[in-house]
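S.K.: output the structure for:
(one chain, ligands or ions: 1)
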Amino acid sequence: MASARESVGGVVLEPGDEGFDEARRVWNAMIDRTPRYVARCASAPEVAEAIRFARRNGLEIGVRCGGHSIVGHAVPDGGLMIDLRPMGAVEVDASARRARVQGGALLGALDRAAQAHGLAVTAGNVSHTGIGGLALGGGMGWLARQHGLTCDNVLSFELVTAEGEILRVDADSHPDLFWALRGGGGNFGVVTEFELALHPVPGDVLSVEFVYPVASGTVSSVAAAMRRWRDESAAADRRATYNATISDGTLSLGFVWVGDPVDGEVAAAELATSLAEVAPDFERVVVPMTYLELQTREDDIEGHAWRRYWKGHYFSQLGDEVIDALLARDGDDLPNVSLQAYGGAIADVAPEATAFARRDTAFEFVCASKWLDASDDERRIAGARRHAATLEPFASGAYVNALSDDGAAGVRRAYGEDHLARLTAVKDAWDPGNVFRLNQNIVPSALAP
Ligand SMILES: Cc1cc2nc3c(=O)[nH]c(=O)nc-3n(C[C@H](O)[C@H](O)[C@H](O)COP(=O)(O)OP(=O)(O)OC[C@H]3O[C@@H](n4cnc5c(N)ncnc54)[C@H](O)[C@@H]3O)c2cc1C
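M.R.: Numbers count the residues shown, from 1 in each chain. Modelled structure (predicted):
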């Protein structure tokens, strides 16, 4: 063990070393685990050495990109963290409309590099999220209805396997891995580079919100507004991603428009007219911004200091009974809720084409609590669980990247039986010993309970 620094190229940190505490701290402040080593890898061969070293010494591996796994999967207690952040570069080939994105890059680096050429690809809503976890689980964002999920735009991966082999994975070479890496998470190896297709995105955005006060006397009218918003979403232009937020006291209904703002204003006026027919008592908030502003506007609200708990569901339909349950909000310590529409280009891809399974999703639901004081943990977590449980009977599945402490049942909800069987076959072929298990785990057949 004393030979960690010689065995693993690059920088290896141990408890007490400068930078060690920063590396083990992740987005959710509830995560307080201490690895034995942090290997700050700067190349695929260094990642391969780190994997081999961990295996020789029986150390659990955690892979860190943005550190935004809600349950802190990047941080192995007593194990070896492969910290990919030294591999954070993004290189854009504007004429080929392609980006080479290193496996430790954050979304902000991708957005900035691509927008410098008037290009973009679907990325998530918060710029300090990592491309690694996001793209491997799917990758939802404001461009997905136009251009598909992030994983739908991957042309190839550079992958370091459990054996320490460095592979180029695309549709022709290793098609089983190419299928599994587009939705199957960090189960099959460490991705050191994503090659992504880019699209012309001039960068004009409108954020459109109609904000209703919610009090006990107004629930029936806001429910009528939400039903109307849901109905309008079904035929929405792909440039519009319908979204809603519910917190104590307000309901915000609207959409984010990425495209010509003149057309966006027309769509906003149409939605306003439609909502006013059933519930006119809203405040209209329409804000023009650039794509890069959109992609960073939640960075502070979603900052690192907070203790966090999330639960997520997918709904293939937002029935009236779901809307009633969303608005019921009985009890204390309720989480904030957000809904984001899928459809469009996401649903153009056949469900069997990628490991990401839930192509029929109409809306993603996430309920999120944040607080600062550890003594509030139990009641805040209980409040979020209780609220999510009232919605679960209506759910059609879950997004693997929004799972938290859902365990094997959550993984089944994310993939469904057919996809899970196929993912297990790929896991058996490439990681039968479950070297990569600190994730939403696909358990190899030989180790199944
Ligand atoms: C504030 C916030 C906003 C979010 N917004 C969105 C959103 O808009 N859209 C969306 O789709 N999701 C979103 N998510 C969910 C997000 O996709 C997941 O939390 C994802 O796991 C984050 O990836 P990461 O690289 O930052 O996390 P990490 O904690 O670094 O990694 C999570 C896991 O992913 C795997 N992994 C990461 N990088 C690699 C790699 N290079 N190779 C192999 N495995 C790897 C590992 O298993 C690792 O344990 C959001 C999450 C947060 C906290």
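S.K.: just give the nearest non-adjacent residue to whatever residue of the stretch 201-350 of the chain ends up closest to the ligand, would you?
M.R.: Relative to the ligand, the nearest point of the stretch 201-350 of the chain is residue 302 (3.7 Å; CB to the nearest ligand atom). Using the backbone N, CA and C atoms, a C-beta is placed for each residue, glycine as well. Spatially, and ignoring its direct neighbours in sequence, residue 302 is nearest to residue 126 (4.7 Å; CB to CB, 6 or more residues apart in numbering).
S.K.: about what we covered before: could you check how far the residue of the stretch 201-350 of the chain closest to the ligand is from residue 124?
M.R.: 10 Å (CB to CB, to the nearest Å).
S.K.: looking at these two, which is more packed in?
M.R.: Neighbour comparison, residue 302 and residue 124: the larger count goes to residue 124, with 26 against 18 (by other CB atoms under 10 Å).
S.K.: what about the more buried one, which SS state?
M.R.: At residue 124 the chain is in coil, as set by DSSP: H, G, I helix; E, B strand; the rest coil.
S.K.: isn't there a strand covering residue 308?
M.R.: Yes. The assignment for residue 308 (three-state DSSP) places it in a strand.
S.K.: where does it land on pLDDT?
M.R.: Looking at residue 308, its pLDDT is 97.
S.K.: and what of the one 10 residues further on?
M.R.: The pLDDT attached to residue 318 in the predicted structure is 97.
S.K.: who's in contact with it?
M.R.: 230, 339, 362, 363 (CB atoms under 8 Å, 6 or more residues apart in numbering).
S.K.: how about 6 Å then?
M.R.: Residues in contact with residue 318 (CB atoms under 6 Å, 6 or more residues apart in numbering) are 230, 362, 363.
S.K.: so which residues of the stretch 1-150 of the chain form strands?
M.R.: Under the criterion DSSP state E, counting those that start in this stretch, strands of the stretch 1-150 of the chain are mapped to 11-13, 37-40, 61-64, 80-83, 90-93, 98-102, 119-120.
S.K.: distance of the residue lying closest to residue 357 once chain neighbours are set aside from residue 151?
M.R.: Distances taken as CB to CB, 6+ apart put residue 419 closest to residue 357, at 4.3 Å, once the chain neighbours are dropped. Computed as CB to CB, the residue 419 to residue 151 distance reads 13 Å.
S.K.: now swap in residue 50 and tell me
M.R.: Counting by CB to CB, the gap from residue 50 to residue 151 is 25 Å.
S.K.: shaky segments in the chain?
M.R.: Scanning the chain for pLDDT under 70 picks out 1-3.
S.K.: who in it is up against the ligand?
M.R.: 26-27, 62-70, 73-74, 84, 103, 124-126, 129-130, 132-134, 136-141, 185-186, 190-191, 302, 401, 438-439 (CB under 6 Å from any ligand atom).
S.K.: so what's the residue count around the nearest residue to residue 24 once chain neighbours are set aside?
M.R.: Of all residues beyond its chain neighbours, the one nearest residue 24 is residue 75 (5.6 Å), with distances taken as CB to CB, 6+ apart. If you count neighbours by other CB under 10 Å, residue 75 ends up with 24.
S.K.: next one: phi and psi at the residue of the stretch 201-350 of the chain closest to the ligand?
M.R.: Backbone torsions for residue 302, taken as degrees, to the nearest 10, come to phi -100, psi 40.
S.K.: now it: how far from residue 28?
M.R.: Residue 302 is 11 Å from residue 28, by CB to CB.
S.K.: and residue 45, by the same measure?
M.R.: Relative to residue 28, and taking CB to CB, residue 45 is found at 31 Å.
S.K.: these two: which is more packed in?
M.R.: Taking other CB under 10 Å, residue 45 and residue 28 do not tie; residue 28 has more neighbours (22 against 15).
S.K.: correct me if wrong: that one contacts residue 308.
M.R.: Yes. Residue 28 lies in contact with residue 308 (CB atoms under 6 Å); the separation is 4.4 Å.
S.K.: quick one on the thing from earlier: can I get the strands of the stretch 1-150 of the chain in CSV with distance to residue 328 and mean neighbour count?
M.R.: Compiled in CSV, the strands of the stretch 1-150 of the chain are given as follows (distance: least, CB to CB, whole Å; neighbours: other CB atoms under 10 Å):
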stretch, distance to residue 328, mean neighbour count
strand 11-13, 48, 20
strand 37-40, 45, 27
strand 61-64, 38, 28
strand 80-83, 42, 28
strand 90-93, 44, 17
strand 98-102, 42, 24
strand 119-120, 38, 24
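S.K.: let me have these in CSV, extended by distance to residue 429.
M.R.: Listed next are those as CSV, based on distance: least, CB to CB, whole Å:
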stretch, distance to residue 429
strand 11-13, 31
strand 37-40, 26
strand 61-64, 19
strand 80-83, 22
strand 90-93, 31
strand 98-102, 26
strand 119-120, 35
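S.K.: quick one: closest of these to residue 434.
M.R.: strand 61-64 (10.3 Å; CB to CB).
S.K.: how about residue 144, what does it touch?
M.R.: By CB under 6 Å, 6+ apart, the contact list for residue 144 reads 122, 346.
S.K.: beta-bridge partners for the closest residue to residue 376 other than its chain neighbours, please?
M.R.: Nearest residue to residue 376 in three dimensions, chain neighbours excluded: residue 307, at 7.7 Å (CB to CB, 6+ apart). Residue 307 forms beta bridges with residue 371, as assigned by DSSP bridges.
S.K.: residue 307 reaches residue 368, doesn't it?
M.R.: No. Counting by CB under 6 Å, residue 307 stays clear of residue 368, with 11.6 Å between them.
S.K.: between residue 50 and residue 151, point out the one with more neighbours.
M.R.: residue 50 (31 against 24).
S.K.: nearest spatial neighbour of that one, chain-adjacent residues omitted?
M.R.: Per CB to CB, 6+ apart, closest to residue 50 is residue 39, 4.1 Å.
S.K.: that older thread, show me what contacts the residue nearest to residue 24?
M.R.: 24, 31, 33, 62.
S.K.: which of these fall in helices?
M.R.: Counting by DSSP state H, the part of the contacts of residue 75 found in helices is residue 24.
S.K.: most surrounded residue in the contacts of residue 75?
M.R.: Within the contacts of residue 75, most neighbours by other CB under 10 Å means residue 62, with 28 neighbours.
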